[in-house]
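Colleague: 3D model of this:
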Amino acid sequence: MCRNIKTLFNFEPPATEDEIHASALQFVRKLSGFNKPSQVNEAAFDRAVAEVSEAARKLLTSLHTHAPARDREVEAEKAKERSRLRFG
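Modeller: Just a heads-up that it's a prediction; the model follows:
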């Protein structure tokens, strides 16, 4: 799957609308193969992004866990460290 799509569940603070939209946009770009659709496909592309955003929002609000919420800054630092180890 697309590496640019990040996990949005169980973070403090919760995922924002912008993060959900960006994730949906990446997903639709990956599925369609378009970074920016042509004018003839733009309406379908935008509709798909809106529908995926709505589905993601519903999913995130319906999920439950007993695990403590993760801290965004701590997780970002872990990702940077993994990147340093992987790429040097």
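Colleague: nearest the middle, which residue of this protein would you pick?
Modeller: In the chain, the residue lying closest to the centroid (C-alpha atoms, centre = their mean) is S23, at 2.8 Å.
Colleague: tell me if I'm right that it and T16 touch.
Modeller: No - using C-beta atoms under 8 Å, S23 is not in contact with T16, being 10.7 Å away. Glycine gets a C-beta too; all of them are placed from N, C-alpha and C.
Colleague: which helices and strands does the helix or strand L25 falls within pack with?
Modeller: Using DSSP states H and E, L25 sits in helix 17-32. Packing contacts for helix 17-32, counted by 3 or more C-beta pairs under 8 Å, 6 or more residues apart in numbering; DSSP states H and E, involve helix 39-62.
Colleague: residues of the helix it packs on that come out buried?
Modeller: Buried residues in helix 39-62, counting neighbours by 16 or more other C-beta atoms under 10 Å, are found at F45, A48, V49, V52, S53, A56, R57, L60.
Colleague: quick check: next helix or strand after it?
Modeller: Next along from helix 39-62, by DSSP H and E: strand 70-71.
Colleague: what residues does the helix or strand just after that following strand touch?
Modeller: For strand 70-71, the following helix or strand on the C-terminal side (DSSP H and E) is helix 72-87. With C-beta atoms under 8 Å, 6 or more residues apart in numbering as the test, helix 72-87 has contacts from F11, E12, P13.
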